[in-house]
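# fold the following and give me the result.
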Amino acid sequence: MQESAILSELDLAIINALQIRPRGEWSRIGAALGITGATAARHWERLTRERLAWIATMPGPRFADSGYAAHVFFSAPPGYHAELAEQLCEEPAAATVTRVTGEHDFRVDFFTSTHESLDQIVSERFSSLPGVARTETAYVTRVHRQSSMWRSGVLDQQQSRSVAAASAATRSRRTAFDAVDSALLDALGDDGRLSWAELAGLCAISPQTARRRVEQHLASGYLVLRCEFATSVGLPVREASLVLNIPARHLEDAGQYVAGLPNCRVSVQVLSVHNLVATFWVYDLNEIHAYERELEARAPGTVVISRSVTLRTYKRVGHILDREGRSIGRVPLPMWQRE
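You can find the predicted model right below:
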């Protein structure tokens, strides 16, 4: 791997700052890191140019109020994995596609605007593909933690607070959605740090309108911006997941406990044969066993339905990834598209 592709400590600090505040001003980020805003911007430009880091758009925790989110698990013989991964990546509703160990071979995060569209995609299109032996769908009913909330922890507390400091102005929440919103969110999907003027120019509206609408969607929880990076050249983390069946009386507390763990990427309640899915980024897979023991103590009767380690991520919130985890393309999510 070329030396230029390795993330430096400063690169990782900038990424951490953008995890906290994806559209944060370079002057504020630079001040928190002890560098100039121009230096921070220059490093970010290199990271994006080399496809090592990017700002992604994804449905927020309130998306499930009006749309449908689901984890779908696919099983297929190894000889069909490459073809299945390619076709899953081409599907706009399949936001994240991973190949995993365990009972199933693929886990896919789907987002659609209607139950019918999700059923058509899973039951009609993918279940009938050659080699697909089994599918299992779990509808997300409550989000305790989503991946946009994960932090690398490179910055210290003071630096994190400095980056996070924001205006006290109250922003209204936007619930309507039209063609202008669709254009704005699609443009942000290509570059989440486009200036308000650049967004306005792409969408033929004023910068004030661009800013107002995007900030209203962010405030509503419908939209989330998330800083992603190629973990293969950054932090040596491994992704592992637990699929759990928690006794109903403990479900809410267990979901909140998992969400509070610093290594937790995802903690969601689902409606299926299991009721909680948790994903972690850890440095040592033994950490997963410790989480299991704590869950068993906190929620007696908990059953682990499956444990899995991610072998490869082909797609993450619409971005196609190469083997090193670089973003090499994007398939826009369907909920941004309106007539």
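
# and stretch 219-238, how far from the chain's centre?
6 Å (CA atoms, centre = their mean, to the nearest Å).

# same deal with stretch 241-249?
21 Å.

# which parts of that stretch are buried?
Buried positions in stretch 241-249, judged by neighbour count with 16 or more other CB atoms under 10 Å: 241, 242, 243, 244, 245, 246. In short, each C-beta sits where N, CA and C put it, glycine included.

# any chance you could list what contacts it?
100, 107, 254-255, 266, 273-280, 288, 291-292, 295, 299-310 (CB atoms under 8 Å, 6 or more residues apart in numbering).

# out of those residues, which are inside strands?
100, 107, 266, 276-280, 303-310 (DSSP state E).

# out of those residues, which end up buried?
The buried subset of these (16+ other CB under 10 Å) comprises 100, 107, 266, 276-280, 305-308, 310.

# where does the stretch 151-300 of the chain have low pLDDT?
Within the stretch 151-300 of the chain, the stretches with pLDDT under 70 are 166-172, 175.

# quick check, nearest of the ones in strands among the contacts of stretch 241-249 to residue 182?
residue 266 (26.1 Å; CB to CB).

# mind checking how far the closest one is from residue 323?
23 Å (CB to CB, to the nearest Å).

# outside of stretch 213-222, which residues touch it?
Here stretch 213-222 has contacts from 59-63, 66, 171-175, 177, 180-181, 184-185, 188, 199, 223-225, using CB under 8 Å, 6+ apart.

# go again using 10 Å as the cut-off
22-23, 57, 59-67, 143, 169-178, 180-181, 184-185, 187-188, 192, 194, 196, 199, 203, 205, 223-225, 335 (CB atoms under 10 Å, 6 or more residues apart in numbering).

# all strands for this protein, in order.
Here the chain has its strands, by DSSP E, at 53-59, 68-75, 94-100, 106-112, 134-145, 223-229, 238-245, 264-271, 276-282, 303-316, 319-321, 327-330.

# got those as CSV, with distance to residue 6 columns?
Below are the strands of the chain laid out as CSV (distance: least, CB to CB, whole Å):
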stretch, distance to residue 6
strand 53-59, 13
strand 68-75, 33
strand 94-100, 24
strand 106-112, 29
strand 134-145, 30
strand 223-229, 12
strand 238-245, 19
strand 264-271, 23
strand 276-282, 19
strand 303-316, 20
strand 319-321, 18
strand 327-330, 17
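
# right, and the pair among the buried ones among the ones in strands among the contacts of stretch 241-249 with maximum separation?
It's 276 and 310 that sit farthest apart of those, by CB to CB, at 18.1 Å.

# count of residues packed around residue 12?
Other residues near residue 12 come to 18 when the count uses other CB atoms under 10 Å.

# ok, it - contacts?
The contact partners of residue 12, by CB under 10 Å, 6+ apart, come to 53, 152, 153, 154, 155, 229, 234, 235.

# emit the ChimeraX select command for whichever of those are buried.
Buried residues within the contacts of residue 12, by 16+ other CB under 10 Å, are selected in ChimeraX with:
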select :53,152,154,155,229,234,235
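
# what's the most distant pair in the contacts of residue 12?
Pairwise distances among those were taken by CB to CB; the largest, 16.5 Å, belongs to 53 and 153.

# what's the spacing between residue 139 and residue 45?
40 Å.

# so which of those two has more stuff around it?
residue 139 (18 against 11).

# which residues does that one bridge with?
residue 70, residue 271 (DSSP bridges).

# per-residue pLDDT of it, please?
At residue 139, the predicted lDDT confidence score is 92.

# what sits against it?
64, 68-72, 110, 115, 118, 268-272.

# swap the cut-off to 8 Å and go again
Contacts of residue 139 by CB under 8 Å, 6+ apart are 68, 69, 70, 270, 271, 272.

# which residue is the nearest non-sequential neighbour of residue 132?
Excluding the flanking residues, the one nearest residue 132 by CB to CB, 6 or more residues apart in numbering is residue 76, at 5.3 Å.

# and that neighbour, how far from residue 241?
Between residue 76 and residue 241 the computed distance is 19 Å (CB to CB).

# go on, residue 219?
30 Å.

# okay, now the unreliable bits of the stretch 1-150 of the chain?
If you take pLDDT under 70 as the line, the stretch 1-150 of the chain has these spans: 1-5.

# so which residues of it form helices?
Ranges of helices in the stretch 1-150 of the chain, per DSSP state H, counting those that start in this stretch, are 9-20, 26-33, 37-49, 81-90, 115-119.

# most packed of the ones you listed?
helix 9-20 (a mean of 21; mean count of other CB atoms under 10 Å).

# how far does that helix sit from its chain's centre?
Centroid displacement of helix 9-20 relative to its chain, using CA atoms, centre = their mean, is 17 Å.

# and for stretch 130-146?
15 Å.
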